[in-house]
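Student: Need coordinates for the following:
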Amino acid sequence: MANTWWELQILCEPNLEDSIFWRLENFGCRGAASEKRGHYSLVRSYLPEFQAQLLDLAALSLWLRQDALCLGLSAPVVNWQLIDEQDWASSWKQHWQPQEIGDRFLINPAWLPIPENSQRLILRLDPGVAFGTGAHATTQLCLESLEMRLGKENTSFFDNKQEKKHTVIADIGCGSGILSIGALLLGADRVYAVDTDPLAVKSTLENCALNGISSESLVTAQGSIEVVTKLVEQVDGIVCNILADVIIELVPHMSAICKPSTWGIFSGILLEQSSSVADALEQSGWVVATLWKRKEWCCINVRRS
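Tutor: This is a model prediction of the structure:
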């Protein structure tokens, strides 16, 4: 018998989308997408049946309503139903379209043709059950931060000659691999991508192949910062789009792979959590350079002191 999944459909105001994506990810949902319905957004997400009972779904619905009230928005309409695994595998993909992010990226679903004559860096993606489609504000902020960072250090000058810098990056909590691949498309030479979820590691490897990236350029492994320290001595940059509490826990261990010039991009942080994350970073020898925000989320760009 085919496995069954909960399909959640959430009709909401567009400004509530990012908060809903965050709630769904924490709840354990996989493969979320949104589409416009007049002046509203319809968010669809999927969860294996065994992971949630009806009472769990009712609690999720209550959390979503409370989030809306806290933001001064109307309460979303939440519905759910059970579908077969085969239906899940194709349902959410129907509603995910190519998306431009920042000045340079175009995130293109792997099952759609590549747009002709596009001047953007095309990142083909099939996230499967991993987090990171480019729809969430935190992913967008990280990609835009990578644009700014790698654009600046793409080259260096020495004896009046322009020389390309060799840039090595660690992606902690790589999810679908979207940030790792984005960094390589922007000119990074090598990325070490790790995630504690084996499904995320599998997704990153598959998306690596989709974009024609070699396993030498994108080294992927299951684990966290302790695995990176075994794979590489030092990195030029760190990207970490997880959750604030996890970032605070990991930050003290990142010094082991840092140079005096290492920079970092940290996201997955709600605005009200930014002070706690910034404090943890500064206590571990980082200087906060910029804080970018989008709706209730922020991305902290740092450098070593």
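
Student: Helices of the stretch 51-200 of the chain, start to end?
Tutor: 54-70, 85-91, 137-152, 178-185, 198-210 (DSSP state H, counting those that start in this stretch).

Student: and the second one, what's its mean pLDDT?
Tutor: Read it as helix 85-91. Averaged over helix 85-91, pLDDT sits at 59.

Student: same question, the third one
Tutor: For helix 137-152, mean pLDDT rounds to 90.

Student: Please identify the buried residues of it?
Tutor: Buried residues in helix 137-152, counted by 16 or more other C-beta atoms under 10 Å: 137-147, 149-150. All C-beta atoms are positioned from the backbone trio N, CA, C, and that covers glycine.

Student: tell me how far that helix is from the chain's mean position?
Tutor: Relative to the chain's own centre, helix 137-152 is displaced by 11 Å; criterion: C-alpha atoms, centre = their mean, to the nearest Å.

Student: returning to what we had before: and the helices of the stretch 51-200 of the chain: which comes nearest Ala256?
Tutor: In terms of C-beta to C-beta, the element of those nearest to Ala256 is helix 178-185, at 19.9 Å.

Student: What is that closest one packed up against?
Tutor: The criterion is 3 or more C-beta pairs under 8 Å, 6 or more residues apart in numbering; DSSP states H and E, and the helices and strands that helix 178-185 contacts are strand 105-109, strand 121-125, helix 137-152, strand 168-172, strand 190-195, helix 198-210, strand 218-222, strand 235-241.

Student: Using a markdown table, lay out those together with distance to Arg37.
Tutor: Formatted as a markdown table, the helices and strands packed on helix 178-185 follow (distance: least, C-beta to C-beta, whole Å):
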| stretch | distance to Arg37 |
| --- | --- |
| strand 105-109 | 20 |
| strand 121-125 | 24 |
| helix 137-152 | 20 |
| strand 168-172 | 34 |
| strand 190-195 | 33 |
| helix 198-210 | 29 |
| strand 218-222 | 37 |
| strand 235-241 | 28 |
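
Student: all helices of the stretch 201-305 of the chain, in order?
Tutor: Remark: helices assigned in the stretch 201-305 of the chain by DSSP H, counting those that start in this stretch are 225-231, 244-250, 274-283.

Student: Any idea which helix or strand in the chain has the lowest mean pLDDT?
Tutor: Sorting the helices and strands of the chain by mean pLDDT, DSSP states H and E puts strand 155-158 at the bottom, at a mean of 40.

Student: re earlier: so of the helices and strands packed on helix 178-185, which one's packed in deepest?
Tutor: Sort those by mean neighbour count, taking mean count of other C-beta atoms under 10 Å, and strand 168-172 sits at the top with a mean of 27.

Student: Where does pLDDT dip in this protein?
Tutor: 1-2, 31, 85-95, 127-132, 152-165 (pLDDT under 70).

Student: Outside of the lengthiest strand in it itself, list whatever touches it.
Tutor: Using DSSP state E, we find that the single longest strand of the chain is strand 258-270. Here strand 258-270 makes contact (C-beta atoms under 8 Å, 6 or more residues apart in numbering) with 22, 138-139, 141-142, 145-146, 149, 173, 234-244, 246-247, 254, 277, 281, 285-286, 289, 296-304.
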